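Participant: Need coordinates for the below:
(one chain, ligands or ions: 2)
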Amino acid sequence: MADEITACKCSGQDTQAKPEAPGRFHIAALVCAAGVGARMGLGHPKQYMRIAGEPMLLLTLRALARVPRIESIHVVVSPDDPYIDGIADRFPRNVVLHRAGGAERAESVRNGLLAANFDRENWVLVHDAARPCVKASEIDRLLDQVLADESVAGGILALPMADTVKRVDARHRIVETVPRKELWRAATPQLFRAGVLIEALDGSLEGITDEASAVERLGLPVKVVAGRATNIKVTNPGDERVAELILGEEHMVPFRVGQGYDSHRLVEGRPLILGGVEIPFEKGLDGHSDADVLLHAVTDAVLGAAALGDIGQHFPPSDPKWKGADSGKLLAAIVELVHSRGWTVVNLDATIVAERPKIGPHMPAIRRSVAALLGVGEDVVNVKAKTNEKMDDVGREAGMMAHAVVLLARSNG
Ligand SMILES: Nc1ccn([C@@H]2O[C@H](COP(=O)(O)OP(=O)(O)OP(=O)(O)O)[C@@H](O)[C@H]2O)c(=O)n1
Ligand SMILES: C[C@](O)(CO)[C@H](O)COP(=O)(O)O
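Facilitator: Residues are numbered from 1 along each chain as shown. Ligands and ions are numbered 1, 2, ... in the order given. Okay, here's the model as predicted:
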């Protein structure tokens with residue numbers, strides 16, 4: 001049933017094989033990510049929608065990966081999920097994928113538990129993919145309080161009811177005010193031994209909206225541990241903005257800076273291209289591509305800001321495909337890549353170091369060209385030119401250099 005991809009050295013099978021050492025618990029997470037997201041109304045499952053530029057499921061997996069005690073993270077997606085392969089290479093440590101989802105959340109959890117084949121004694125933290133804002137500190141609190149309490153079969157993160165609660169009829173008329181003193185809102189993760197969960201979910205799943213309700217049906221005691229109000233379930237349109245605000249405030253840095261540098265030799269018989277503009281001169285820059293030293297520095301600055309390596313990794317000089325390549329096309333491809341990672345260019349400041357020719361007269365055309373390639377206005381693109389005061393090889397006109405600094409900001413798209 002389960003088609004497994006392991007993005008780690010340690011798989012679910014490692015987890016089940018270990019006997020429980022005295023004083024130590026084996027803990028796994030099971031993330032249910034097989035819903036269709038009907039209430040979000042995107043036309044695709046909400047777990048893949050971007051929150052602060054990242055697919056929600058990745059954020060949820062990263063949140064769980066911040067808890068060192070979680071030995072493996074099992075993700076349950078629907079058997080015909082066409083989106084998961086697009087993000088599987090970015091999974092954090094110890095993630096095992098199961099294409100085993102069912103029609104209801106409880107069915108997905110049941111199928112995931114069976115597919116993961118946990119040892120029945122292992123503890124499993126079942127978590128919604130739709131709760132990307134969960135904090136390591138609240139998961140730690142849940143683990144500490146439940147594992148220390150032998151009188152309970154498990155426990156869940158929950159919030160004491162803060163609002164007055166009304167029971168209403170079909171016409172939205174209040175029937176009664178429900179005393180809220182004993183009411184809590186259930187969240188996830190929900191922590192139980194695998195064996196308890198499998199037994200609790202064996203049978204009718206009617207009315208089972210979380211793991212605790214299934215365990216309660218067995219008559220076993222379940223503890224609530226106070227979680228944070230920020231652990232919201234992204235359910236309806238607009239919830240993603242709330243999640244962005246929570247994540248933004250807590251750990252999303254909204255800006256990234258990158259720097260780039262490049263140099264090329266000047267040779268006869270080649271055109272001189274700077275910033276995508278051909279400049280009349282008796283020599284040109286030598287290189288595998290069109291050797292546009294400015295665009296190469298800018299491309300490296302964009303890649304650097306997004307922590308995506310350098311130009312050589314994306315367009316290897318050893319690859320004949322890039323011989324004579326238009327560096328403008330390479331930069332445009334990199335700008336598209338960082339957009340897809342949720343970043344947008346804020347501004348560029350660059351310097352060309354060249355003894356000759358005079359770049360000044362060509363600067364308006366260079367700025368226009370570079371701004372168009374970056375997809376920004378000319379007002380945020382600054383390019384300067386300096387001589388090297390006749391010093392070193394650049395001063396003797398053996399080559400040119402360029403330096404660039406780029407600022408990226410998270411996009412809302
Ligand atoms: N058959 C299902 C239904 C839900 N879930 C998961 O359970 C979590 C909580 O469910 P919910 O927020 O209701 O998600 P959806 O079912 O996708 O949303 P909707 O009810 O609006 O369709 C989500 O991470 C969802 O992907 C699941 O794994 N399998
Ligand atoms: C498990 C849960 O998140 C606890 O609040 C909730 O019950 C899931 O309900 P849904 O109807 O599947 O969104």
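Participant: Excluding sequence neighbours, find me the nearest residue to Val383.
Facilitator: Closest residue to Val383 apart from its sequence neighbours, by Cβ to Cβ, 6 or more residues apart in numbering: Ala350 at 4.8 Å. For the C-beta atoms, the positions are set from N, CA and C on the backbone; glycine is no exception.
Participant: Does the one you found fall in a helix, a strand, or a coil region?
Facilitator: Under DSSP: H, G, I helix; E, B strand; the rest coil, Ala350 falls in the strand class.
Participant: just checking, it touches Lys386?
Facilitator: No - counting by Cβ atoms under 8 Å, Ala350 stays clear of Lys386, with 11.2 Å between them.
Participant: more crowded one of the two?
Facilitator: Ranked by neighbour count (other Cβ atoms under 10 Å), Ala350 and Lys386 place Ala350 first, with 24 against 14.
Participant: follow-up on the earlier one: pull up the gap between the residue nearest to Val383 and ligand 1, please.
Facilitator: Distance, Ala350 to ligand 1, using Cβ to the nearest ligand atom, to the nearest Å: 44 Å.
Participant: can you pull up the bridge partners for that residue?
Facilitator: With DSSP bridges as the criterion, Ala350 is bridged to Val383, Ala404.
Participant: residues contacting it?
Facilitator: 294, 297-298, 301, 370, 382-384, 402-405 (Cβ atoms under 8 Å, 6 or more residues apart in numbering).
Participant: List buried residues within these.
Facilitator: Buried by 16 or more other Cβ atoms under 10 Å: 294, 297-298, 301, 370, 383, 402-405, out of the contacts of Ala350.
Participant: Give me every residue in this structure lying close to ligand 1.
Facilitator: 32-40, 46-47, 76, 101-105, 108, 128-130, 233, 235 (Cβ under 6 Å from any ligand atom).
Participant: From ligand 1, how far off is Ala88?
Facilitator: 16 Å.
Participant: Do you know the pLDDT at that residue?
Facilitator: According to the prediction, Ala88 has pLDDT 92.
Participant: Quick check: it touching Leu97?
Facilitator: Yes - counting by Cβ under 8 Å, Leu97 is a contact partner of Ala88 at 6.6 Å.
Participant: Between the two, tell me which one has more neighbours.
Facilitator: Shown here are Ala88 and Leu97; by other Cβ under 10 Å, Leu97 has more neighbours (24 against 14).
Participant: Now the more buried one: which helix or strand?
Facilitator: Using DSSP states H and E, Leu97 maps to strand 95-99.
Participant: repeat for Val406
Facilitator: Assigned by DSSP H and E, Val406 falls in strand 399-410.
Participant: which strands and helices sit next to that strand?
Facilitator: The contact analysis (3 or more Cβ pairs under 8 Å, 6 or more residues apart in numbering; DSSP states H and E) places strand 399-410 against strand 255-268, helix 293-305, strand 343-353, helix 392-395.
Participant: Out of the residues of the chain next to ligand 1, list just those in helices.
Facilitator: 105, 108 (DSSP state H).
Participant: Please spell out the ChimeraX selection for the buried subset of the residues of the chain next to ligand 1.
Facilitator: With 16+ other Cβ under 10 Å as the criterion, this ChimeraX line picks the buried residues out of the residues of the chain next to ligand 1:
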select :32,33,34,35,37,40,46,47,76,101,102,104,105,108,128,129,130,233,235
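Participant: Quick check: which of the residues of the chain next to ligand 1 are also close to ligand 2?
Facilitator: Within the residues of the chain next to ligand 1, those near ligand 2 by Cβ under 6 Å from any ligand atom are 105, 128, 233.
Participant: Now the closest residue in space to Arg66 that isn't next to it in sequence. Its backbone dihedrals?
Facilitator: Distances taken as Cβ to Cβ, 6+ apart place Ala136 nearest to Arg66, at 4.3 Å, with adjacent residues excluded. Ala136 adopts backbone torsions of phi -60, psi -40, taken as degrees, to the nearest 10.
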